[in-house]
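K.L.:
with the sequence up front, the predicted model follows.
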Amino acid sequence: MPPDCFANNGAHLRAEIGWLHQVIRREIQVAQTEGAPGFDEFAGLYISQEEVGRYLEQREGDEDLEDPVIQRLRGEVTGARRVLDRRVEISLAAGIDLRLGLLARRFELDAVARATVLCCAAAELNTQVSRLFAYLQNDAGKKRPTFALLARLSAMPAVDPVGLRTLFGPSSPLFVHRLLDTGVERADIPFPALEARLATGVVDFLVGIDRLPPLLAEVAVLMHATNALEDLAYHRRHRAIVEELLRCRRAEGKLPFSYVGGPDGAGKLLIGESVAAELRKSLLRIDATKLPAVLGNTEEFGHALAREARLRDCLIVLQAADEAIGDCDSDKAKSGAFEPLLHALAGCEVVATGTTPPAELRHRLRTRPLSFEVAYPTLGERIEIWERRLPADAAAGLGADLPALGGKFRFTPGQIDRVIGVAEMAAVRGADGRPHITSADLHLRCRDEAEQGLHLFCQKIVPRYNWGDIALSADTHAQLQEICRWVAHRSQVYEAWGYGAKLALGRGVTVLFSGASGTGKTMSAEVIAADLQLDLFRVDLSRIVSKYIGETEKNLSRIFAHSSNGNCVLFFDEADALFGKRTEVKDAHDRYANIEINYLLAEMDRYEGVIIVSTNMKGNFDQAFIRRFSHVVEYPIPNERLREVIWRKSFPSETPLGSDVNFSFLAERFDLSGGNIRNIALNSAFLAAADGRGITMDHVILATKREYQKIGRVCSKSDFGQHYALVREAEVR
């Protein structure tokens, strides 16, 4: 270390305050030489005759006649300042963290501005200095320097009222960069007599405390930046974005305002961290979702943020900026408040992130950021991330299951980290104390991660059925299994085999179940979800459809956004209200109804997950929807053979079933759907329970009669055969 270096920041501040004491001694000597009166505790409350007399005796040019003692003191102060400045330069070049020197360099302050900062800081740190300021200003209440005193202490030859306003007014660097408190000005006090104080947080910085002021601490975190990009195939695209941002900075000398869009957990913050690390800057991370709480004075907040970023040499990352901006049509107050913030940050290096695509964000802002987009990882990249993030023993034991996890759950690295973290906490620990993570653990945690946000508009259905519970024709059964195989192998086909490059849209699995009520459509959806080990969510149309223009589309957008990872099965049950035919536009209602249908068509094209739509009236569907379904499964009323299977499956194995129950007769005589048969089986159980015995054929016949009455059928002898007398007897009674 060079001999003239300061040992640390504290040594430098003590030396600066020592120099300030020399300046104050000089000013006291000047005051005594000019015959100023002693300290008056009532100064400011009255104007003495002596003060008026001194004013009358003062002649123009008196300030040029300086006492030799004062000249000597001025020379000593100037010499000491030169020595200090030289030591500061040597120390900064040696890498010593001198906060006052860094502040002066980063804000390009001249000698007067730097001395002002020192005086204001000394008044906060040193009680002796603050008392001397009060003495020099002849006012015990003024322990902070006024602007008039600051001009005198800065070695100005004279206090010029016009020059004073130029030096310390709103256009001065000290106020432009918000280094001084902007709230000091008061209408009832002349500007030269105003006390100056440093803005909140500046003193903390000068003494070496890296703590953000309260206004920023609510939404910001100061971070040490590291190049956090791993040696993953997925991070190749992140490194490409980092390199392009650095090229732009080298070309322009400053990083342009940039936006990185992509799904949650895709590593957008890592891009900002890596850029900051390459530039040897710290990172100031802003949670933009919390900005509305502090945007009462957007511009002032922006200036405070810009000051901290420049003060600490930071790159600003605005996380979730799209949420803070809002929708340009419905959230004009939000987007209007965000523009002044960006204007205040114009001199800073800012990278914004969000989940909104860049093209849409540019539409919301008048500013046109340099934009990038990070996509979901491919199947191979997801498998690699699982292998790298899992503990080594777990990755080795689950190697065969990871391709299935990667294929079913289109997670980002952040989501995978969350899943593994929760799985490790909940897993059973072995004798060595390490968690034993199983495939079932990971599947369960993946499903928990996938369903976040869907409960607002959907109802979760826990699958109760499997392939052994459903009775369908061989062809329908084969179609459902084809759907499951399609989902299981779509990553291989689209990514490994290259079909995805041929399909810009329509890569999702969209299925239409069409048939009469009770033919097994909902049950089939449960069977598929159970086979794929995915959660099933029934879309609640009552929460989706809105009478307000545009709200239905927004609600649909939220559903597709939350389920965009392909991590669950979306089930639109009885969806004729949403998927109906477009009509000729005769009034505004027709036009907006058609807009909803067009929007839903576009979302289905973009969606890459699993959608199942069921309907009783396929003919009411718009043909454009039919074309977009990858599978259409018809559910006819079951034939006699299937009906007998359904009858047998409708009674649980634990049920006390009488030997007289004739399933062949029931299947032959009653042409019913599976839903009707299950209703009859349940009703017969309650009838038997009320009689205090097991289920007999009489109970089943009576329950069948009730189902006939419910659906409006006539109980005929041709249907009930030899049991018709029981039906008639019940009617007579």
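P.N.:
Received the coordinates, thanks.

K.L.:
ok, G674 - contacts?
P.N.:
471, 518-520, 523, 638, 646 (Cβ atoms under 8 Å, 6 or more residues apart in numbering). To be clear about C-beta, it is placed using only N, CA and C from the backbone, and glycine gets the same treatment.

K.L.:
distance of R165 from V176?
P.N.:
The spacing between R165 and V176, counted by Cβ to Cβ, to the nearest Å, is 14 Å.

K.L.:
next one: I711
P.N.:
Taking Cβ to Cβ, one finds I711 at 80 Å from V176.

K.L.:
ok, now R490?
P.N.:
Taking Cβ to Cβ, one finds R490 at 57 Å from V176.

K.L.:
hmm, W19 is touching R82, no?
P.N.:
No: if you go by Cβ atoms under 8 Å, W19 and R82 don't touch, sitting 10.7 Å apart.

K.L.:
all helices of the stretch 151-300 of the chain, in order?
P.N.:
161-168, 173-176, 202-206, 214-217, 236-252, 268-278, 298-311 (DSSP state H, counting those that start in this stretch).

K.L.:
what's the answer for the stretch 601-733 of the chain, then?
P.N.:
Taking DSSP H, counting those that start in this stretch as the criterion, the stretch 601-733 of the chain carries its helices at 623-628, 640-649, 663-669, 674-691, 697-711, 717-720, 724-732.

K.L.:
report the distance from the third one to the chain centre.
P.N.:
Its chain's average C-alpha position is 59 Å from that of helix 663-669, according to Cα atoms, centre = their mean, to the nearest Å.

K.L.:
remind me what that helix packs against, helices and strands.
P.N.:
helix 640-649 (3 or more Cβ pairs under 8 Å, 6 or more residues apart in numbering; DSSP states H and E).

K.L.:
so for the helix it packs on, mean pLDDT?
P.N.:
For helix 640-649, the mean per-residue pLDDT is 93.

K.L.:
packing partners for it?
P.N.:
Partner elements for helix 640-649 (3+ Cβ pairs under 8 Å, 6+ apart): helix 663-669, helix 674-691.

K.L.:
circling back: to G201, which of the helices of the stretch 601-733 of the chain lies closest?
P.N.:
helix 623-628 (56.1 Å; Cβ to Cβ).

K.L.:
so how far is E299 from the residue nearest to the spatial centre of the chain?
P.N.:
By Cα atoms, centre = their mean, the chain has its centre lying nearest to A320, at 4.3 Å. Look at A320 and E299: by Cβ to Cβ, they are 21 Å apart.

K.L.:
next one: A121
P.N.:
Taking Cβ to Cβ, one finds A121 at 26 Å from E299.

K.L.:
quick check on L370: phi, psi?
P.N.:
Per-residue torsions, L370: phi -70, psi 120 (degrees, to the nearest 10).

K.L.:
just to revisit the earlier point, which of R490 and V176 has more neighbours?
P.N.:
The residue with more neighbours, out of R490 and V176, is R490; 22 against 14, by other Cβ atoms under 10 Å.

K.L.:
right, and the helix or strand after the least confident helix or strand in the chain by mean pLDDT?
P.N.:
Least confident helix or strand, the chain: helix 49-57 with a mean of 59, by mean pLDDT, DSSP states H and E. Reading on from helix 49-57 to the C-terminus, the next helix or strand found by DSSP states H and E is helix 68-93.

K.L.:
rounded mean pLDDT for that following helix, please.
P.N.:
83.

K.L.:
in the next helix or strand after it, which residues are buried?
P.N.:
On the C-terminal side of helix 68-93, the closest following helix or strand by DSSP H and E is helix 99-106. Residues of helix 99-106 classed as buried: 99-104 (neighbour count, 16 or more other Cβ atoms under 10 Å).

K.L.:
CA atoms only for helix 99-106, dumped as PDB, please.
P.N.:
Once non-C-alpha atoms are left out, helix 99-106 reads as follows in PDB (Å, rounded to 0.1, in the frame of the first residue of the first chain):
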ATOM      1  CA  ARG A  99     -17.000   7.000   0.600                       C
ATOM      2  CA  LEU A 100     -16.700  10.800   0.400                       C
ATOM      3  CA  GLY A 101     -14.200  10.500  -2.500                       C
ATOM      4  CA  LEU A 102     -16.400   8.000  -4.300                       C
ATOM      5  CA  LEU A 103     -19.400  10.200  -3.900                       C
ATOM      6  CA  ALA A 104     -17.600  13.300  -5.300                       C
ATOM      7  CA  ARG A 105     -16.300  11.200  -8.200                       C
ATOM      8  CA  ARG A 106     -19.600   9.500  -9.100                       C
END
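
K.L.:
avg pLDDT for it?
P.N.:
Mean per-residue pLDDT for helix 99-106: 92.

K.L.:
chain center to that helix, what's the gap?
P.N.:
34 Å.

K.L.:
identify the residues contacting the helix or strand that that helix is followed by?
P.N.:
From helix 99-106 onward toward the C-terminus, using DSSP H and E, the following helix or strand is helix 111-125. Residues outside helix 111-125 that contact it (Cβ under 8 Å, 6+ apart) are 13, 16-17, 20, 23, 81, 100, 103-104, 107, 109, 129-130, 133, 143-145, 150-151, 153-156, 167-168, 172-174, 179-180, 196-198, 202-203, 206-207.

K.L.:
just the buried residues of those.
P.N.:
13, 16-17, 20, 23, 81, 100, 103-104, 107, 109, 129-130, 133, 143-145, 150-151, 153-155, 167-168, 172, 174, 179-180, 196-198, 202-203, 206.

K.L.:
need the strands for this structure, in chain order.
P.N.:
Ranges of strands within the chain are 220-223, 258-261, 282-287, 314-319, 350-354, 370-373, 428-429, 435-436, 458-461, 509-515, 535-539, 568-572, 610-615, 631-635, based on DSSP state E.

K.L.:
the longest one to strand 610-615, inter-axis angle?
P.N.:
Inter-element angle recorded for strand 509-515 and strand 610-615: 20 degrees (by axes from the mean of the first three to the mean of the last three Cα atoms, to 10 degrees).

K.L.:
in strand 509-515, what's buried?
P.N.:
So, applying 16+ other Cβ under 10 Å, buried residues of strand 509-515: 509-515.

K.L.:
off-centre distance for it?
P.N.:
Using Cα atoms, centre = their mean, the offset of strand 509-515 from its chain centre is 34 Å.

K.L.:
domains in the chain, by residue range?
P.N.:
Using automatic domain parsing, the domain parsing of the chain gives 9-206, 214-373, 379-450, 467-635, 640-732.

K.L.:
coming back round to it: next one: the residue nearest to the centre of the chain from I420, what distance?
P.N.:
24 Å.

K.L.:
got it, and L246?
P.N.:
32 Å.
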